[in-house]
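Asks: Give me a model of this one.
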Amino acid sequence: MQRTPLLALTMLCAPALPHPPVLLAQAACTGSALSGTVRDTTAALLPNATLSIDSGTPVQSGPDGRFVLPCLSTGAHTLQVGAEGFAPVTLKIKVPARGPLDLTLTPATETTVDVDADTSDAASSPNSAGPSHQIQGKQLEQLADDPDDLLREVQQMASGMGGNPANATIAVDGFQDSTHMPPKASIAYIKVNPDLFSAEYREPPFGNGGRVEIYTKPGQKTYHGALFTTNGSPWENARDPFSNSKAAIGKQRYGFELGGPLRKDSMDFFTSLEYRRIDNFAVVNAVALGSNGAPVNVVANVATPQRLWQPTAKVTWQLSPRNTFIIGYTGSVSNLDNVGVGGTTLQESGYSSQQYDHTLRFSNVTTVNANLMHEARVSLRWDGENDTPASTAAQVQVAGAFTGGGASIGAQRIHELRTEINDDAILSTAHHTFKAGLQLFLNDEHRRLTTDFNGAYVFGGGTAPVLNSSNQAVAGQTTTISGLEQYRRALAGLPGGTPTAFTGVSGNPEVDFHQTQAALYVQDDWKLSHGVMVSAGLRYFIQDKPLLTDVLTPRLGILWAPGKEPKWTVHAHAGMFGGQFNRSEWAEIQRQDGVQRVTRTVYNPVYGSPYSGNATTIFSARTLAPHLSDTLYGIYNIGGTRDLPHGFSLMTDLGYGRFWNYSRSNNINAPLNGSPTGPRPLAPNLNLLQVQASGQGRLDFIFGGIENHKLKRVQFFAGAVHLDQIDDTNDDTFFTPQNPRSDAGEFARRSDNAPWQAFGNASVTLPWKLQFSMDGYANGGRRYNITTGFDNNGDGNFNDRPQYAAAGTPGAVQTRYGLLVATGGTAVFSRNRGVLPWAFYMDGNLSRTFPLTRNTKADHPQAIAVNLRSSNFLNHTNVTSVGGIFNSPLFGVPFAADNGRRVEAGLRYSF
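Replies: Below is the predicted model:
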């Protein structure tokens with residue numbers, strides 16, 4: 001890995017390309033040839049770049065950017081690369097090389113880069129902060145081939161910026177929008193957390209899961225391809241945690257890749273097709289009622305099969321020596337069954353889902369002259385899903401025990417067209433690199449949102465009469481019962497069996513709208529003096545639905561690398577960042593508009609006939625606060641790197657941030673006396689959930705890491721981060737405080753965000769040409785909320801938390817958090833007090849390549865590669881859910897976890 005390189009060097013797994021006559025006449029020699037391609041940072045081919053070996057006679061790249069250096073003796077050499085207006089680069093290489101070089105020059109200050117056959121180190125950018133690095137060569141080869149496992153691995157690498165790894169942005173080939181992982185074979189290199197203080201990016205650098213940028217390979221001048229398959233059979237995989245039997249878990253992948261020329265020296269292509277058959281199981285671990293009405297544990301393996309097709313295609317057309325046009329397509333079509341099942345959710349509450357995602361990308365890159373480049377990109381993405389519930393019956397939610405009945409999602413349908421337009425210009429001078437651009441997103445949304453149209457009974461427990469041995473109420477005596485006991489009484493028609501509430505939605509489920517988001521930015525990287533670079537940028541963001549026009553965010557960074565051959569660098573940054581309301585948030589606001597779709601809550605309904613009798617219906621609607629403003633972050637950091645002997649490097653980073661105007665919701669018409677039917681400040685029997693910019697918070701960040709990619713047989717990176725992020729929003733626009741008139745206890749760490757994260761990877765070259773790699777990730781301190789299942793204040797939110805109690809308080813329970821009671825306590829119990837156990841993930845891969853072609857000068861030698869990969873090979877129980885309903889059967893008990901050990905073998909034939 002390396003930090004924000006000025007040179008991207010990709011070693012392709014093939015020997016030298018044929019020597020184009022336009023470049024160099026091939027002379028008879030006994031040495032080896034070195035070939036490759038020179039490009040700029042926008043992937044445009046660079047003609048007339050100058051290359052020389054050991055300061056010898058220079059050779060220029062041809063009109064297609066390709067070069068050949070013939071007759072090189074075996075051993076180490078120094079390669080000098082330069083082009084007018086671009087930073088000269090010096091490389092240390094080994095001959096014979098493992099394949100052609102793909103060199104990328106950047107208009108920047110001079111730098112010297114040392115490269116062995118697969119890795120390179122480079123100077124830092126003034127915008128780099130935290131664990132910024134690049135993955136290529138052997139490091140890329142050793143990552144998982146399976147797209148799901150590959151995604152998880154790069155997300156974990158991005159977690160060095162703090163936050164939940166699942167929230168990492170995955171961007172491909174310069175586009176800003178997050179998308180699917182492309183096939184690993186098409187990837188040239190991966191940048192993890194690059195230059196996040198640059199005005200080009202919207203996301204704040206710390207606490208949001210990080211950013212991963214993937215750049216795919218250019219085409220090649222000769223045909224090449226591969227056939228591959230992997231297999232993970234049930235006998236290879238461990239029983240999942242919390243399951244009482246081993247399920248028939250397995251995964252099979254089949255696919256091919258093919259690439260080569262379409263037109264000589266001007267057009268090439270790459271295409272792939274993959275089919276995955278994933279036989280997975282969800283583990284239900286719930287507490288329900290037996291035939292005699294007594295609680296029983298329900299543990300079951302429920303099949304959750306997935307069938308997935310993923311095609312890709314890419315065509316690169318060199319329109320002229322200075323103009324490149326690229327068109328790409330990625331697709332994904334999958335079918336999933338029993339979605340949503342697992343943990344305390346029974347199979348009857350699952351649904352099947354048909355999902356699709358088709359993306360067309362068009363890029364045009366023009367090198368106007370040696371100092372000016374222009375790049376234009378357009379992406380058209382059609383995606384969506386159609387969901388079919390296993391049952392349309394009303395859902396039954398028994399707090400802390402089980403969820404049954406129909407799926408609340410209903411027969412949902414989401415179809416959308418998302419258009420992304422990027423237009424950038426890069427101007428480089430002797431001391432400055434200017435970049436300015438426009439980013440435009442157009443969302444065309446067509447959604448059929450049927451959530452809660454089937455209705456749901458909520459059994460939260462609460463105060464109920466004491467029953468005698470004949471199940472008759474004892475006069476004048478009450479007790480606090482669990483939701484499961486309340487459900488038992490409802491089924492038996494006993495006193496205290498009235499459900500806590502019934503919720504339902506009716507009306508027109510169709511939600512259609514268009515949303516526009518746009519950003520303008522300008523960035524200047526200035527070489528102030530030798531060893532000092534300054535970066536300054538400004539970004540402006542605007543959107544409709546909701547309307548935001550006041551998001552102007554400046555950025556500033558500085559890098560200092562003292563000395564002619566600097567061994568250490570120091571960087572510092574300060575910047576402002578703005579958030580945004582995404583299309584799903586706007587859709588949810590429209591779904592509960594209270595006009596086209598009416599949301600109802602009935603308190604104490606009759607089970608089976610919720611609207612009968614004297615039931616009072618409380619309506620709910622969402623609205624926006626007047627003059628709603630966007631979330632703003634103010635973040636600064638300081639850090640640096642230190643190069644040590646023998647190729648070791650140390651990295652550290654410290655950061656601090658404040659954010660305000662964070663979106664959250666509050667019931668501005670909550671009842672004044674705690675009764676749902678009581679007096680309200682605006683209108684009777686109406687919960688008015690207003691989206692407000694009233695949230696705020698802070699974060700402290702510290703990162704440390706060490707790496708070495710210059711040792712002969714072992715390369716590794718390891719790091720750890722601590723992120724202390726506290727707010728009163730839980731990073732959720734629709735989060736509501738338990739008390740609409742007080743924030744007491746609301747400032748807390750976010751749910752499922754781990755303050756402690758450690759990560760690393762290593763690659764080891766073993767005897768007999770075996771290659772072993774490991775990827776590790778651990779986190780600790782993830783939080784979850786503890787609630788009672790009640791709605792004591794009648795505000796329509798069943799998020800009330802227990803309270804601290806004095807000794808002797810009736811119904812109080814001694815817990816690890818102290819003496820707690822559901823209601824009537826003496827002090828507020830804070831949000832997200834529950835802490836999940838530490839999670840440890842360790843993946844390993846053992847691989848070996850067998851050459852089938854003896855001719856080492858073949859363009860694409862045939863080879864067979866075999867590998868054995870295991871995820872979570874320690875088979876550690878990584879808990880994902882702990883019972884958080886106070887005084888329920890599963891309170892404080894873990895009941896769900898990630899997969900146990902998975903093993904799969906792979907076979908790949910390349911030609």
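Asks: so what's the closest residue to Met157 other than its chain neighbours bridging to?
Replies: Distance criterion CB to CB, 6 or more residues apart in numbering; nearest residue to Met157, sequence neighbours excluded, is Val192 at 5.0 Å. For glycine as for every other residue, the C-beta is placed from the backbone atoms N, C-alpha and C. Under the criterion DSSP bridges, Val192 forms beta bridges with His133, Val212.
Asks: Kindly report the same for Leu686.
Replies: According to DSSP bridges, beta-bridge pairing links Leu686 with Phe619.
Asks: In this structure it contacts Phe619, no?
Replies: Yes: between Leu686 and Phe619 there is a contact at 5.2 Å, judged by CB atoms under 8 Å.
Asks: low-scoring stretches of the stretch 701-850 of the chain, by residue?
Replies: Residue ranges of the stretch 701-850 of the chain with pLDDT under 70: none are present.
Asks: ugh, wrong one, the chain
Replies: 1-31, 40-45, 63-64, 85, 98-100, 106-131, 219, 856-859.
Asks: and it, what are its domains?
Replies: Per automatic domain parsing, the structural domains of the chain span 8-216, 224-460+500-785+831-910.
Asks: Dump the ones you listed to TSV, plus distance to Ala822 and mean neighbour count.
Replies: As requested, the domains of the chain are exported to TSV (distance: least, CB to CB, whole Å; neighbours: other CB atoms under 10 Å):
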stretch	distance to Ala822	mean neighbour count
domain 8-216	30	21
domain 224-460+500-785+831-910	6	18
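Asks: Redo those domains as TSV? Include distance to Thr815.
Replies: TSV is the format used below for the domains of the chain (distance: least, CB to CB, whole Å):
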stretch	distance to Thr815
domain 8-216	27
domain 224-460+500-785+831-910	7
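Asks: so where do the helices sit in the stretch 351-500 of the chain?
Replies: 483-492 (DSSP state H, counting those that start in this stretch).
Asks: same check, this time on the chain
Replies: Here the chain has its helices, by DSSP state H, at 137-141, 147-158, 483-492, 583-591.
Asks: Include distance to Tyr540 when you put those into a markdown table, please.
Replies: Converted to a markdown table, those look like this (distance: least, CB to CB, whole Å):
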| stretch | distance to Tyr540 |
| --- | --- |
| helix 137-141 | 36 |
| helix 147-158 | 26 |
| helix 483-492 | 50 |
| helix 583-591 | 21 |
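Asks: what's the closest of the ones you listed to Ser888?
Replies: helix 483-492 (6.4 Å; CB to CB).
Asks: Could I have the CA atoms of the closest one written out in PDB?
Replies: Extracted in PDB, the C-alpha atoms of helix 483-492 (Å, rounded to 0.1, in the frame of the first residue of the first chain):
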ATOM      1  CA  GLY A 483     -44.800  -8.300  25.600                       C
ATOM      2  CA  LEU A 484     -44.800 -12.100  25.400                       C
ATOM      3  CA  GLU A 485     -47.100 -12.400  28.400                       C
ATOM      4  CA  GLN A 486     -49.300  -9.700  27.000                       C
ATOM      5  CA  TYR A 487     -49.500 -11.700  23.700                       C
ATOM      6  CA  ARG A 488     -50.300 -14.900  25.600                       C
ATOM      7  CA  ARG A 489     -53.200 -13.200  27.400                       C
ATOM      8  CA  ALA A 490     -54.500 -11.800  24.100                       C
ATOM      9  CA  LEU A 491     -54.600 -15.200  22.500                       C
ATOM     10  CA  ALA A 492     -56.400 -16.600  25.600                       C
END
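Asks: other SSEs contacting that helix?
Replies: Secondary-structure packing of helix 483-492 (3 or more CB pairs under 8 Å, 6 or more residues apart in numbering; DSSP states H and E): strand 281-289, strand 395-398, strand 456-459, strand 462-467.
Asks: try it again with 7 Å
Replies: Judged by 3 or more CB pairs under 7 Å, 6 or more residues apart in numbering; DSSP states H and E, helix 483-492 is in contact with strand 395-398, strand 456-459.
Asks: how about it: buried residues?
Replies: Across helix 483-492, burial judged by 16 or more other CB atoms under 10 Å covers Gly483, Leu484, Glu485, Gln486, Tyr487, Arg488, Arg489, Ala490.
Asks: where does Asn875 sit relative to Asn285, distance-wise?
Replies: Asn875 is 18 Å from Asn285, where distance means CB to CB, to the nearest Å.
Asks: do the same with Ile786
Replies: Going from Ile786 to Asn285 by CB to CB gives 19 Å.
Asks: cool, and Asn193?
Replies: In terms of CB to CB, Asn193 sits 36 Å off from Asn285.
Asks: now do Pro676
Replies: 33 Å.
Asks: Please apply the same query to Pro605.
Replies: Pro605 is 29 Å from Asn285, by CB to CB.
Asks: Distance to Leu336 added to the helices and strands packed on helix 483-492, as JSON lines?
Replies: Shown next, in JSON lines, are the helices and strands packed on helix 483-492 (distance: least, CB to CB, whole Å):
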{"stretch": "strand 395-398", "distance to Leu336": "20"}
{"stretch": "strand 456-459", "distance to Leu336": "23"}
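Asks: out of the ones you listed, nearest to Pro566?
Replies: Closest approach to Pro566 among the helices and strands packed on helix 483-492 is made by strand 395-398 (60.6 Å; CB to CB).
Asks: Indicate each strand paired with the closest one and its parallel or antiparallel sense.
Replies: For strand 395-398, pairing defined by DSSP bridges yields strand 402-404 (antiparallel), strand 456-459 (parallel).
Asks: closest to Gln692 out of the ones you listed?
Replies: Taking CB to CB, strand 456-459 is the member of these nearest to Gln692, at 25.8 Å.
Asks: what's the distance between the closest one and the middle of its chain?
Replies: Computed by CA atoms, centre = their mean, to the nearest Å, the chain-centroid distance of strand 456-459 equals 33 Å.
Asks: Export that strand to CSV, keeping only CA atoms.
Replies: The C-alpha coordinates for strand 456-459 follow below in CSV (Å, rounded to 0.1, in the frame of the first residue of the first chain):
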residue,chain,number,x,y,z
ALA,A,456,-49.0,-4.4,12.7
TYR,A,457,-50.0,-5.3,16.2
VAL,A,458,-47.4,-4.2,18.8
PHE,A,459,-47.2,-6.1,22.1
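Asks: contacts for it?
Replies: Identification of contacts with strand 456-459 by CB atoms under 7 Å, 6 or more residues apart in numbering yields 394-399, 408, 483, 486-487, 499-503, 607, 798.
Asks: I'd say Ile327 and Val315 touch.
Replies: Yes: the pair Ile327 / Val315 is scored as a contact, 5.1 Å apart, by CB atoms under 7 Å.
Asks: which one is Gly342 nearest to, not counting chain neighbours?
Replies: Per CB to CB, 6+ apart, closest to Gly342 is Ala282, 3.4 Å.
Asks: For that neighbour, give me its contacts.
Replies: Per CB under 7 Å, 6+ apart, neighbours of Ala282: Val302, Thr304, Asn338, Val341, Gly342.
Asks: The same query, at a cut-off of 6 Å, please.
Replies: Val302, Thr304, Val341, Gly342 (CB atoms under 6 Å, 6 or more residues apart in numbering).
Asks: From the residues you listed, which land in strands?
Replies: Judged by DSSP state E, the contacts of Ala282 include Val302 as members of strands.
Asks: for the residue lying closest to Asp149 once chain neighbours are set aside, what are its contacts?
Replies: The shortest distance from Asp149 to any residue other than its chain neighbours is 6.0 Å, reached at Ser871 (CB to CB, 6+ apart). By CB under 6 Å, 6+ apart, Ser871 lies in contact with Asp149, Asp843, Arg902.
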